[in-house]
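Enquirer: show me the folded form of this:
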Amino acid sequence: MNAIDRQILEFCRDGFKPLKPLIGPIASGTVYRHARRLGALGWLRKEGALYRTTDAGLRELDALSTRQPPDPLVTLYPPLAQVPTAVHRAVVALILAAAVARRHEVRPDRHPVFVLFGATFRWKSSAGRFLCHALGLDPATHIVDCGTESGKSLSFRRGGTGAIVSRRALLDAPLLVLDEFLTADAAVRDALGIFLSGRLVVPVENETLTVRPVPVLTLNPRPKDTLEGRIGLSAPLIRRALLVDLDTVAMPDLAAVGEAAVEAARAHPPLVLSRPAADCGEFHDTIVQLTRAILVPAAHPRVDVEIAVNLATGMTAFISEPVPAIAYVAQALGGLAETLGWARPGWSQVIAAFGQGPRKPTTATSALARMAPPETPDAEVVKAPGPTTAISLTVPPPPRRRTSVPELDLSEALRARLIWFAMETQQDVEAALTTLLDFYLAWREAEATDTTIETLAATLRLGAELAQSEIDVATLHDYLTTLEALRKEGCDYGDVPEALRLITLLEALPFAWDWGQAETAMKAVALVLETGITLGDVQGFLERHGQLEARGFDEATAIAVVDALTRAGAIGDRRQAVLDALITVAGQQVDLQALEGQRQALQSEVAELTSTTGDEASRLESLRTEATILEQNLAQLHEAKARLDEECDRQAGGLAVVQALQAFLLGKTAEAEALWTTLEALFRWRRNGGRVDGSVGALFTDGVKQKMLTFFQQLIRDAVTK
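Expert: I've put the predicted structure just below:
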């Protein structure tokens, strides 16, 4: 911030003003160029042609005017100074405090999840890499791309027996960055529940897992209307988380300076997560009140104050004194709340005043009351009601900026209250009092009565009687609206216990009833009472109804049967006789129908069997014809075989003779002698009445004899020729 920037911010700190009075000493182009730059940084707000210094700008001015000491975390870890914005530094500081709280188990639950969301190029993933280097971790391992994970890969895996066989090392690390959280599929989102529960020890079926890492979610928000829809988390998860909307943060040129902090962290030795120096649980009430002083009432249900207590304890590992550590955490939480529109105007002045207060609480009074000077008496201050305001019953903090107070004879206490009121409304005292009086007149005219002041006084008395330090206007409005509604029905709050008893009775209904169902049930009860039906009658009816349903009947069917009997004249004494006859005829008819059905089934079966028999007979006849043909072919083959056997025998005998004669002629006497021996035997067999049969006898057939004669003649011719 240079002198021109400071002059513009000082000029516009008390409300919206034009910049024309600054033109002259400063060139007009320079004035508006610096105004545009201050607007980009979020230190100056423009509406039309008017400009006003924002809370962030006021903090910058206060830092210059008071010459605050350097940031203790920056002194401890210098790379933090190069983180591009104050909001990013606040997030990093809170994550480091959360890592200490988890590592040293300051309590078993209420540990926060951090959600960084915004468009691309908002230093989300870079913040994760910076934290990894600050804690001595490998970004490649501890920054997880949720779109590439599956199932329970981030936590553990089970074996075939169902036992846990492996645990991911991430469960024991101080940090887990879940990058692009909305790209995770449903199975991965379910598995991430162990990291988002806020507990150190998480039950998993019949076992437990200790979850050490601080989960940091980065995501690009969806274009939805609700916060839940934009970031994909339910309301309970949002309450367990600390959110920062980086789209609302003025960014420097990240292309030029975005990597400077990451490189500095990589080159610097990592932080040591020492044990916390103090337990800030004893400052619980102080932290609660301080957190509520930061947040607008509508944001109270969105933030778990116990998380702030945990973070304050963790911060004492870096800032040993509890009060400065609590103030540091509160300042960081306020910076995050501003990005979401959850911060009250002037919240940073309240924190600055707290940082100058006592070192330990001595009573159970409000933290804001302890910030007041000792000489300031207790008083009651009423904020102007509105949709998110509350009626404060505590002494306001001392003023943090100069303001004009009318020259009236006022006590110091009232003067202090008027100054606080002007600071709270971001106006000077005269404008603030004018607003308050205008509101009073408008309220009196709307109520058409002169009891407006009495109403305000009664409201304060109610707070005193209830020992409340703050009464939410919405709660008071709901109370009065409910009372009015009760009176319209002729009731008041005294009738509520009886109504609760009735609700208890309605819980006996066998379903999760709504008011429509309850009204129907009560009408049914009234009808039963009006007609004089007893509980026994109802029980009997239900039993008969159940019997009818068990037999496949309903009321309509039973009535139809009675009507049919009446039309048939079955009334009085005749009814039983008609029913007996009807049963007999019906039984016979049923039997007849059953027999007819059986007959038709048998006829169908006989027809099918007849058709099958005809098919089989035709097939049998075809097989018989084929068998006859095969038998004929077999007989022919036998005859051919007999002929071939006979011819073979003849040829074999002739060949034997030829071989013997050839042996004789060639001088092979042994073979020739064997032949003549055989021939002599055959001649004797012939003379003795032997019969031509077989291969031997075939030698003496006429054909063979002729062949032998022909053969010998040929031999003689061959011999003569030679």
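
Enquirer: and the longest helix along the chain, what's its mean pLDDT?
Expert: What stands out as the longest helix in the chain, according to DSSP state H, is helix 574-665. On average, the pLDDT along helix 574-665 is 81.

Enquirer: so which elements touch it?
Expert: helix 555-567, helix 669-687, helix 694-697, helix 702-721 (3 or more C-beta pairs under 8 Å, 6 or more residues apart in numbering; DSSP states H and E). Every C-beta, even on glycine, is put in place using the N, C-alpha and C of the backbone.

Enquirer: lowest average confidence across those helices, which one?
Expert: Lowest mean pLDDT within the helices and strands packed on helix 574-665: helix 694-697, a mean of 48.

Enquirer: quick one: residues in contact with the helix or strand where Cys132 lies.
Expert: Using DSSP states H and E, Cys132 sits within helix 125-134. Under the contact criterion C-beta atoms under 8 Å, 6 or more residues apart in numbering, helix 125-134 has outside partners 77, 79-80, 83, 88, 91-92, 95-96, 116, 137-139, 142-143, 175, 177, 179, 216, 218, 254, 258-259, 261-262, 265-266, 268, 270-271.

Enquirer: buried ones among these?
Expert: 77, 79-80, 83, 88, 91-92, 95-96, 116, 137, 139, 142-143, 175, 177, 179, 216, 218, 258-259, 261-262, 265-266, 271 (16 or more other C-beta atoms under 10 Å).

Enquirer: narrow those residues to those in strands?
Expert: 116, 143, 175, 177, 179, 216, 218 (DSSP state E).

Enquirer: ok, these vs Leu609, which is closest?
Expert: Asp179 (76.5 Å; C-beta to C-beta).

Enquirer: mind listing what that closest one touches?
Expert: Asp179 neighbours (C-beta under 8 Å, 6+ apart): 124-125, 128, 143-146, 218.

Enquirer: would you check that Gly118 makes contact with Asp245?
Expert: Yes - at 6.4 Å, Gly118 and Asp245 qualify as touching, with contact defined as C-beta atoms under 8 Å.

Enquirer: mind listing the helices for the stretch 401-550 of the chain?
Expert: Applying DSSP state H, counting those that start in this stretch to the stretch 401-550 of the chain gives helices spanning 412-425, 429-447, 452-465, 473-488, 496-506, 515-530, 535-550.

Enquirer: comparing those helices, which yields the minimum mean pLDDT?
Expert: Minimum mean pLDDT among the helices of the stretch 401-550 of the chain: helix 452-465, a mean of 67.

Enquirer: shaky segments in the stretch 1-150 of the chain?
Expert: Across the stretch 1-150 of the chain, the ranges flagged by pLDDT under 70 are 1, 64-69, 150.

Enquirer: scratch that, the stretch 151-300 of the chain
Expert: In the stretch 151-300 of the chain, residues with pLDDT under 70: 151-169, 205-206.

Enquirer: try it again with 80
Expert: 151-171, 187-188, 190-191, 203-208, 253, 256-257 (pLDDT under 80).

Enquirer: ranges for the helices of it?
Expert: Remark: helices assigned in the stretch 151-300 of the chain by DSSP H, counting those that start in this stretch are 186-191, 193-196, 227-231, 235-239, 254-257, 260-267, 284-294.

Enquirer: now the helices of the stretch 401-550 of the chain in TSV, with mean neighbour count?
Expert: Formatted as TSV, the helices of the stretch 401-550 of the chain follow (neighbours: other C-beta atoms under 10 Å):
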stretch	mean neighbour count
helix 412-425	19
helix 429-447	13
helix 452-465	13
helix 473-488	12
helix 496-506	11
helix 515-530	11
helix 535-550	11
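
Enquirer: and of these, who's closest to Gly198?
Expert: Nearest to Gly198, of all the helices of the stretch 401-550 of the chain, is helix 473-488, at 27.3 Å by C-beta to C-beta.

Enquirer: and the closest one with helix 496-506, angle?
Expert: 80 degrees (axes from the mean of the first three to the mean of the last three C-alpha atoms, to 10 degrees).

Enquirer: so Pro276 touches His104, yeah?
Expert: Yes - if you go by C-beta under 8 Å, Pro276 and His104 touch, sitting 6.2 Å apart.

Enquirer: more crowded one of the two?
Expert: Counted by other C-beta atoms under 10 Å, Pro276 and His104 do not tie: Pro276 has more neighbours, with 24 against 14.

Enquirer: how much space between the residue nearest to Pro72 when sequence neighbours are not counted and Thr313?
Expert: Among residues not flanking Pro72 along the chain, Ile319 sits closest, at 5.2 Å (C-beta to C-beta, 6 or more residues apart in numbering). In this view, Ile319 and Thr313 are 11 Å apart by C-beta to C-beta, to the nearest Å.

Enquirer: which one's more surrounded, the two?
Expert: Thr313 (27 against 22).

Enquirer: tell me which of the helices of the stretch 151-300 of the chain is the most buried.
Expert: Neighbour counts (mean count of other C-beta atoms under 10 Å) averaged over each of the helices of the stretch 151-300 of the chain peak at helix 284-294, with a mean of 22.

Enquirer: quick one: it to chain centroid distance?
Expert: How far helix 284-294 lies from its chain's middle: 33 Å, per C-alpha atoms, centre = their mean, to the nearest Å.

Enquirer: other SSEs contacting that helix?
Expert: Short answer (3+ C-beta pairs under 8 Å, 6+ apart): helix 284-294 packs on helix 305-315, helix 322-340, helix 347-355, helix 367-371.

Enquirer: can you list the buried residues in the longest one?
Expert: Yep, that's helix 322-340 we're talking about. Buried, per 16+ other C-beta under 10 Å, within helix 322-340: 322-340.

Enquirer: got the angle between that helix and helix 284-294?
Expert: On the basis of the same axes, to 10 degrees, helix 322-340 is oriented at 30 degrees to helix 284-294.

Enquirer: just checking, what packs against helix 322-340?
Expert: helix 72-76, helix 86-103, strand 241-245, helix 284-294, helix 305-315, helix 347-355.

Enquirer: of those, which is nearest Lys488?
Expert: Per C-beta to C-beta, nearest to Lys488 of the helices and strands packed on helix 322-340: helix 284-294, 34.9 Å.

Enquirer: now for Ala570, how many residues are close by?
Expert: When neighbours are defined as other C-beta under 10 Å, Ala570 has 18 of them.

Enquirer: before we move on, back to that, residues in contact with the residue nearest to Pro72?
Expert: 72-73, 325, 328.

Enquirer: tell me how far it lies from Ala343.
Expert: Separation of Ile319 from Ala343 (C-beta to C-beta): 22 Å.

Enquirer: and Gln539, by the same measure?
Expert: Taking C-beta to C-beta, one finds Gln539 at 63 Å from Ala343.

Enquirer: and the helices and strands packed on helix 322-340 as CSV, adding distance to Arg501?
Expert: Shown next, in CSV, are these (distance: least, C-beta to C-beta, whole Å):
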stretch, distance to Arg501
helix 72-76, 58
helix 86-103, 46
strand 241-245, 40
helix 284-294, 35
helix 305-315, 35
helix 347-355, 45
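
Enquirer: so which of the ones you listed gets nearest Ile559?
Expert: Using C-beta to C-beta, the helices and strands packed on helix 322-340 put strand 241-245 closest to Ile559, at 62.1 Å.

Enquirer: returning to that earlier point: looking at the ones in strands among the buried ones among the contacts of helix 125-134, which is nearest Asp225?
Expert: Proximity of these to Asp225 (C-beta to C-beta) peaks at Leu116, which lies at 21.1 Å.
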